[in-house]
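In: coords please:
(2 chains)
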Amino acid sequence: MNKKVVWIAIGFIIIVVILAVANNKQSSSDKTVVAIIPLSGATARTGEFAKRGIDMAVAELKGSGIKVVYEDSQLDPKTAISEFNRYAGDKNTIAYLTVGSPVAMALKPLAQQNRTVLMSIVSAPAYSSLNDYTFRINGTAQIELKNVIQQIHDIGAKSLAVLYQNDDYGKGLLNSIKANYAGTIVDEEGFPADATDMRSQLTKVKSKNPDVIFIAAYSKAVGLVARQAKDLALRSQLICGSACDTPDLLSTAAGGAEGLLVIAPTPKANTSFMSAHNAAYKEDPSYVTTRMYDSVNLIVQADKVCGTNADYKSCMKDTIHAVKDFPGVAFPVNFDQNGDLQDQFIVKKVVNGALQIQ
Amino acid sequence: MEYLIHLAILVSIYAILGLSLNLVVGYTGLLSVTQAAFYGMGAYATAILLTSFGMNFFLSIVIGMIITGVISLAIGFVLSKFKDDYYALGAFGFNIIIYSIFLNWQGLTRGPLGIPGIARPSLFGYVFSDNLSFLVLTVVALALVYCVCHYITSSSFGRVLKAIREDEEAIGVFGYRTLWYKLAIFVVGAMLASVAGSFFASYITFIDPSSFALMESIFILAIIILGGLASNKGAVLGAVCLILLPEILRFVGFPDDIAAQMRQVTYGVILILLMLFRPQGLVGEYRL
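Out: Residues are numbered from 1 along each chain as shown, chains lettered A, B, ... in the order given. The predicted model follows:
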C-alpha cells in the first residue's frame, strides 16, 4: 500500500510540474494582462460583465502586442493566488485585473512583492495604500455615500432605513452611512448575500415608516427588494448605490422598480461604445464593463509610455498613478495618491420601466 | 516555481485538515462536518492576535488551539447526544452557527469585511516572508501533525477508537466510557484543524468568513473519503489529489467562454467516477 500511495502522489505531482513547465514554454512574445475574475459560482454574472469590457477593449487592440488571458477566481482567495503565481514568473505578464474584495485583498501583497500593477473592482477600504501597485477602478464607499447622502438631503427626507446585503459591499456601506449620515436612521436590516425573500425585513422596515430606504446591495437583490416592496405597498423612496447599476436590476424587479433612484457611478457611456456593446450583448453595459474596458486601455497606454523604460514595472505604476483626465468610456479617469479612482456619480431614476438620467 | 511552491503550501495545509478530520471520521466513525469551523477559529485567532496585539505567530497557534479546544469540547458534548445521520446534521448546524458568528460578530472578526494585513511568521528575528521558507514551515507542521496522528492511531487509544467505529455498544460492554474517547478525539481533531487555520491566515494574509463556510467542511470530508478513510497516508494523498486535480484541469484546452464551467463539471465527473470505482478511497481501509 505504501508504494501505491507514493506512486499516486508522485504521478499527480509530475503531471502538474510537466503542465506548468509546458505552459511557461508556450508563452508567446506578447505581453500579457491576466484577468482573474469570477467566471463561475454565485458572482459569475459580475465576471461576465467584466469579461465583456475586456473583450471589447481587446478587440480594438489588434497589433498592440498585448493579449489578455482569463482565469476563473471563483471569488476564492487561494484559487486566485494560484492563478496569480502561475503568471508571476512570466516576464511578459504586465498587469492583473480582478473583481471582488476577498480576491483583491489576497492578491494585493503579491502585486506589491512582484511589482506588478493590479487593477480591481473592490469595496474593501483596506485595499488602498499610498503609491503602490494596486489601483481601485471603482469609487470608494466614502465617495459613494457622499452622493447617496446628498440625494437623501435633496429629497428632503427626515428619516432613513438601511437594508443591506450581509457582505463586504453592503456592510461597508452600512458602516459608512452610520458614520457620516447626520439624520436619523430608524432601522437597519441585513439579509444574506444569496437571499431571495426579503419580505420579513421589509415588513419590519415598513412599520418604522421611513421617508427613504437605502438598499446597499447588488442589482439582483435590489431588484427583488423593489419588487417585494411594491407587493407590500411600501411607500418610502427607495435608493440604491453603484452595485445596482447593471442591466439585471430592471429584469429582476419585473416592473416593480418604478421610482427607484440609482446613485450610478457611470454617466451614459459614449455612443460608439454603447452601440458596440448593445449590438454584441443586447443590453446596456454595467459599470463593471466600462471600468474593465477603461482599465485595459489604461494599461495599453501605460505600456506605450514605458515600453523601453529600464524599470518597466515601476514606470507602469507611476504612469497609471499620474494619468490626468484619461479619456474613459464614460468620463475622464483620474486616481488619487492611493490609487483610488476619483469616481463620479449621477442620479438615475426608473421611469416607465427604464433608467433615466435625472 | 512560485506556482508550484504555492500548490505545495496548499497541499500541506489541506493535508493537516485531512489528517485532523480523519481521526474523527475515519478512525472513530463520527461523521463530522464541522472541520471548517475549527479551521476558521484557528485562522481568526491568529489573524486577531497578530494584527491587534502583534503577538508571535507560534504563540498565536497555541492560543488558537486552546480556544478551539475549549469550544470544540462544548460542541462535542452536544453532538454526543446524536448518532449516525443525526450526528452529521448536528455537525452541519454547528458549522453554520460558527460561520454566522464569523460573519456577524463584527467587533471581533470585522464580519464580511475580513481581516487584512496578517503578518507572516517570524522566529528569533527570521521572518518567513518568502514562499519557500513558508513551505518549509508548513511541511514541518504537517510532519508533526502526521506524527501525532500516527501515534494516536497506532496506540491502544487508537484501537479503542476503531472499536468504537466498528461497534460502540460492544466496546462499552468491556467497560470503556466511549463518550470520553469520542470527546477526546473530537477535541484533538479540532485543535489540529486550528493549526491549519493559523497557517492559512498567515499565508493568505487576509481572511474573511467565505473561506470557512459549510462547503469547505464538505471539501475536507471529500479529501479523506477520496484518499481513504482510516488511513493517515490516505488523508495526505487525498489532499494532493484534490488540490492538484483542478490545477491539472486548468491546462486542458477548453474553449474560453465555457472553460471555467467545463473544469468544474469535469472535476465533479472525475470525483464521481473515483467514488464509483474506488468507494473505499484510494488507500482506505474503511467505508462510511
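
In: pLDDT wise, what is residue B:191 at?
Out: At residue B:191, the predicted lDDT confidence score is 97.

In: residues touching the residue nearest to residue A:128 when sequence neighbours are not counted, list them.
Out: Closest residue in space to residue A:128, ignoring its immediate chain neighbours: residue A:338 at 3.9 Å, by Cβ to Cβ, 6 or more residues apart in numbering or on different chains. C-beta here means a position set from N, CA and C on the backbone, and glycine is covered the same way. Counting by Cβ atoms under 8 Å, 6 or more residues apart in numbering or on different chains, residue A:338 makes contact with A:128, A:129, A:130, A:131, A:136.

In: quick one: what helix or strand has residue 190 in it?
Out: In the absence of a named chain, this looks at chain A. Take DSSP states H and E as the rule and residue A:190 turns out to sit in strand A:184-191.

In: try again with chain B
Out: helix B:178-204.

In: Report all helices and strands that that helix contacts.
Out: helix A:77-88, helix B:2-22, helix B:35-53, helix B:57-79, helix B:131-154, helix B:156-173 (3 or more Cβ pairs under 8 Å, 6 or more residues apart in numbering or on different chains; DSSP states H and E).

In: Turn those helices into a markdown table, including distance to residue B:275 and mean pLDDT.
Out: Below are those laid out as a markdown table (distance: least, Cβ to Cβ, whole Å; pLDDT from 0 to 100):
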| stretch | distance to residue B:275 | mean pLDDT |
| --- | --- | --- |
| helix A:77-88 | 23 | 88 |
| helix B:2-22 | 16 | 93 |
| helix B:35-53 | 20 | 96 |
| helix B:57-79 | 26 | 96 |
| helix B:131-154 | 24 | 95 |
| helix B:156-173 | 20 | 91 |
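
In: okay, the ones you listed in a markdown table with distance to residue B:243 and mean neighbour count next?
Out: Compiled in a markdown table, the helices and strands packed on helix B:178-204 are given as follows (distance: least, Cβ to Cβ, whole Å; neighbours: other Cβ atoms under 10 Å in any protein chain shown):
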| stretch | distance to residue B:243 | mean neighbour count |
| --- | --- | --- |
| helix A:77-88 | 9 | 24 |
| helix B:2-22 | 5 | 26 |
| helix B:35-53 | 15 | 26 |
| helix B:57-79 | 22 | 19 |
| helix B:131-154 | 13 | 17 |
| helix B:156-173 | 27 | 15 |
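
In: tell me the pLDDT at residue B:81?
Out: For residue B:81, the pLDDT comes out at 88.

In: What strands flank the strand holding residue A:190, and is each parallel or antiparallel?
Out: Strands that pair with strand A:184-191, judged by DSSP bridges, come out as strand A:159-165 (parallel).

In: after the partner strand, next one along is what?
Out: Following strand A:159-165 toward the C-terminus (DSSP H and E): helix A:168-180.

In: Quick check: buried residues in stretch A:165-182?
Out: Buried residues in stretch A:165-182, defined by neighbour count with 16 or more other Cβ atoms under 10 Å in any protein chain shown: A:165-177, A:181.

In: Out of the residues you listed, flag the one nearest to residue B:196.
Out: Distances from residue B:196 to the buried residues of stretch A:165-182, taken as Cβ to Cβ, are shortest for residue A:168 (24.0 Å).

In: My guess is the closest one contacts residue B:116. True?
Out: No: with contact defined as Cβ atoms under 8 Å, residue A:168 does not reach residue B:116; the gap is 11.0 Å.

In: Common neighbours of these two, please.
Out: Going by Cβ under 8 Å, 6+ apart, residues that sit against residue A:168 and also against residue B:116 are residue A:124.

In: Would you mind listing the residues in contact with the one residue in the stretch 151-288 of chain B that gets nearest to chain A?
Out: Proximity of the stretch 151-288 of chain B to chain A (Cβ to the nearest Cβ) peaks at residue B:260, 3.6 Å away. Residue B:260 is in contact with A:39, A:40, A:44, A:72, A:74, counting by Cβ under 8 Å, 6+ apart.

In: Next, count neighbours for the fourth one.
Out: Read that as residue A:72. Number of residues near residue A:72 (other Cβ atoms under 10 Å in any protein chain shown) recorded here: 25.

In: among the contacts of residue B:260, which are within reach of chain B?
Out: Filtering these for neighbours of chain B using Cβ under 8 Å from any Cβ of the partner chain leaves A:39, A:40, A:44, A:72, A:74.

In: For residue A:170, give me its contacts.
Out: A:164, A:190, A:193, A:216, A:217, B:112.

In: Try it again at 6 Å.
Out: Contacts for residue A:170 (Cβ atoms under 6 Å, 6 or more residues apart in numbering or on different chains) come out as A:164, A:216, A:217.

In: what sits against the first one?
Out: With contacts defined as Cβ under 6 Å, 6+ apart, residue A:164 is in contact with A:170, A:174, A:190, A:216.

In: Need the per-residue pLDDT for it.
Out: For residue A:164, pLDDT reads 93.

In: cool, the second one as well?
Out: According to the predicted model, the pLDDT of residue A:216 comes to 91.

In: Okay, and the beta partners of it?
Out: Going by DSSP bridges, residue A:216 forms beta bridges with residue A:164.

In: Could you find the closest non-adjacent residue to residue A:331?
Out: In space, and not counting its chain neighbours, residue A:331 is closest to residue A:344: 5.1 Å by Cβ to Cβ, 6+ apart.

In: Confirm that that neighbour lies within a strand, as I assumed.
Out: No: counting by DSSP: H, G, I helix; E, B strand; the rest coil, residue A:344 falls outside a strand, being coil.

In: Please determine how far it is located from chain B.
Out: 25 Å (Cβ to the nearest Cβ, to the nearest Å).

In: Same question for residue A:129.
Out: For residue A:129 relative to chain B (Cβ to the nearest Cβ), the value is 10 Å.

In: What score does the one residue sitting closest to the centre of chain A have for pLDDT?
Out: Geometric centre of chain A, nearest residue: residue A:121, 3.4 Å, by Cα atoms, centre = their mean. Listed pLDDT for residue A:121 reads 91.
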